[in-house]
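Novice: Sequence and predicted model, in that order:
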Amino acid sequence: MALPARIAESTGTAWYVKPASEGGDDSRTQAQAQSESTPWATIGHAISTIPDLTGITGGAKILVYSGTYSERIQHGTTNTARNGDATHVLTIEGYGPTRPILQYVAAQGDCLSFYGEGAWLADYIRWRNFEIKGYNHTANGAGVTLYTAGHIEVDRCLIHDHRPSSAGTRAQGIYADAASSYLQVWNTLIHSIDPAAAGQDNLSHCAYIECSDSYMVNCICRDAGKGFGMQFYSGGANSQRNGLFHCVMAHNAKGGAIFDGSIIDLEVRNSIFAFNGTYGLEGYYEGSAGSNQTAEYNVIHGNTSGDYFENNALHPMTLANNLSGDPLFVSAAGRDYHLLSGSPAIAAGHASFVPVTDLELIARVAADIGAYEYATGGGNAPSLNAVTRSGMRLGG
């Protein structure tokens with residue numbers, strides 16, 4: 001397995017959305033909303049109003065200006081999916097001085113959902129450069145959810161502060177069910193999931209992924225108040241081809257990451273698992289034999305119960321070339337996971353699994369383990385609450 005190929009960039013027609021306070025108006029026509037000076041006002045209206053993607057050469061973009069959008073977006077149900085194909089991708093992309101905020105709406109469900117029944121309805125869709133926050137409901141839910149959806153990409157997003165409001169329920173930053181497929185999460189920070197620990201033990205994770213062909217690259221999962229940074233779960237159904245590359249899983253109450261032993265072809269490479277409440281990495285057996293599970297060229301350090309726990313004696317994960325030294329973050333307490341000079345993570349990864357850029361879209365010139373490329377003078381690198389070197393704001 002290698003780094004996954006991403007869905008195509010959208011190069012066709014663009015439509016604009018701005019808050020009403022910035023001149024947005026949903027009464028405008030499709031033609032008018034192609035101009036930034038005459039935008040629509042809501043994301044849901046834009047998704048439901050643009051034409052069928054297969055008739056737009058190069059796919060389509062919906063460009064969403066900075067502001068707060070209190071909407072529940074449901075691709076495939078409330079909002080017509082406008083799904084595409086491999087050459088007709090829909091990209092919903094934030095722009096402006098700050099990320100636009102998709103804010104949870106009181107008494108409703110997941111903030112952003114992708115639905116399909118039978119044939120995928122939500123297919124070939126990318127969300128880029130958004131802040132998605134505030135899920136707080138009496139039922140289980142998430143910031144981003146996939147139900148029988150496929151070819152979904154989440155890129156350059158900040159997903160945080162999702163929590164259930166009732167005991168015994170759970171929340172995730174991202175959730176994908178077993179009937180979905182081809183989820184990719186790139187360059188994304190997920191944090192503060194169930195921070196009050198009101199929900200169900202073990203199941204409120206930053207990312208909870210059940211489906212095949214799903215990957216996280218250049219991501220940070222931190223401060224899951226009761227769960228893991230992430231879980232790949234197969235439920236004995238033998239999901240296949242999942243991967244975690246150049247990620248940081250840190251300061252999560254239950255552990256860094258946990259993997260189902262029934263998965264076939266799982267790769268965990270060039271990532272950091274540090275300062276979690278139990279183990280850095282954990283494997284377990286769900287009742288169906290998986291194979292080809294590998295964790296190598298990772299830094300695993302400072303986890304309360306130890307680096308690795310294997311509860312899957314029949315089909316254990318293969319561990320190789322992992323390091324146990326302190327990763328030397330700029331500020332672990334401040335949640336700044338840039339690397340300091342002398343970090344064992346610098347140039348210690350597997351060169352075959354290095355993406356072109358890091359979490360901040362800085363070019364990677366070495367196989368530095370973790371979400372960030374090390375820069376000379378790394379101690380002066382900006383914190384996650386500042387504008388990054390590329391101008392990409394990750395604070396929250």
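Specialist: Yep, it's here. Since the structure is predicted, the reported quantities are computational estimates derived from the model, not experimental observations.
Novice: When you work out contacts or count neighbours from here on, use the C-alpha atoms and nothing else.
Specialist: Will do.
Novice: Could you tell me the model confidence score at Ala31?
Specialist: pLDDT, Ala31: 97.
Novice: Thr57 versus that one, what's the distance?
Specialist: 16 Å (C-alpha to C-alpha, to the nearest Å).
Novice: what residue ranges in the stretch 151-300 of the chain are flagged as low confidence?
Specialist: 195-202, 235-238, 285-289 (pLDDT under 70).
Novice: Give me the neighbour count for the residue nearest to Gln30 when sequence neighbours are not counted.
Specialist: Once flanking residues are discounted, Gln30 sits nearest to Ile50: 6.7 Å by C-alpha to C-alpha, 6 or more residues apart in numbering. Residues lying near Ile50 (other C-alpha atoms under 10 Å) number 20.
Novice: same check, this time on the one 10 residues further on
Specialist: The burial metric for Ala60, expressed as a neighbour count using other C-alpha under 10 Å, is 28.
Novice: Okay, it and Asp194: tell me how far apart.
Specialist: Ala60 is 35 Å from Asp194, by C-alpha to C-alpha.
Novice: With Asp123 instead?
Specialist: With C-alpha to C-alpha as the criterion, Asp123 and Asp194 are 29 Å apart.
Novice: Surely Asn242 touches Asp213?
Specialist: Yes. Under the criterion of C-alpha atoms under 8 Å, Asn242 makes contact with Asp213 at 5.3 Å.
Novice: ok, these two, which is more surrounded?
Specialist: Shown here are Asn242 and Asp213; by other C-alpha under 10 Å, Asn242 has more neighbours (26 against 20).
Novice: Which strand residues bridge the more buried one?
Specialist: Counting by DSSP bridges, Asn242 forms beta bridges with Ser214, Leu266.
Novice: who's in contact with it?
Specialist: Ser212, Asp213, Ser214, Tyr215, Phe232, Asp265, Leu266, Glu267 (C-alpha atoms under 8 Å, 6 or more residues apart in numbering).
Novice: Next: Gln293.
Specialist: Ile263, Ile264, Asp265, Leu266, Glu267, Pro316, Met317, Thr318.
Novice: for the third one, what are its contacts?
Specialist: To tie it back to what came earlier, the one meant is Asp265. Met1, Gln240, Arg241, Asn242, Gly290, Ser291, Asn292, Gln293 are the contacts of Asp265 under C-alpha under 8 Å, 6+ apart.
Novice: out of these, who's nearest Val154?
Specialist: Asn242 (15.8 Å; C-alpha to C-alpha).
Novice: For the closest one, give its distance to Pro39.
Specialist: 39 Å.
Novice: Also Val217?
Specialist: For Val217 relative to Pro39 (C-alpha to C-alpha), the value is 33 Å.
Novice: Ala31 and Thr57: who's more crowded?
Specialist: Using other C-alpha under 10 Å as the criterion, Ala31 and Thr57 rank with Thr57 on top: 14 against 11.
Novice: Just read off the phi/psi values of the more buried one.
Specialist: phi -60, psi 130 (degrees, to the nearest 10).
Novice: Look up how far Glu93 lies from it.
Specialist: 18 Å.
Novice: What of Asn270?
Specialist: 28 Å.
Novice: Ser341 too?
Specialist: With C-alpha to C-alpha as the criterion, Ser341 and Glu93 are 35 Å apart.
Novice: So which of these two has more stuff around it?
Specialist: Shown here are Ser341 and Glu93; by other C-alpha under 10 Å, Glu93 has more neighbours (21 against 16).
Novice: Which element, helix or strand, includes that one?
Specialist: Element membership for Glu93, per DSSP states H and E: strand 90-95.
Novice: neighbouring contacts of that strand?
Specialist: Taking C-alpha under 8 Å, 6+ apart as the rule, strand 90-95 contacts 9-10, 53, 59-66, 82-84, 100, 124-130.
Novice: So which of those residues sit within strands?
Specialist: Per DSSP state E, strands hold the following members of those: Ala60, Lys61, Ile62, Leu63, Val64, Tyr65, Tyr124, Ile125, Arg126, Trp127, Arg128.
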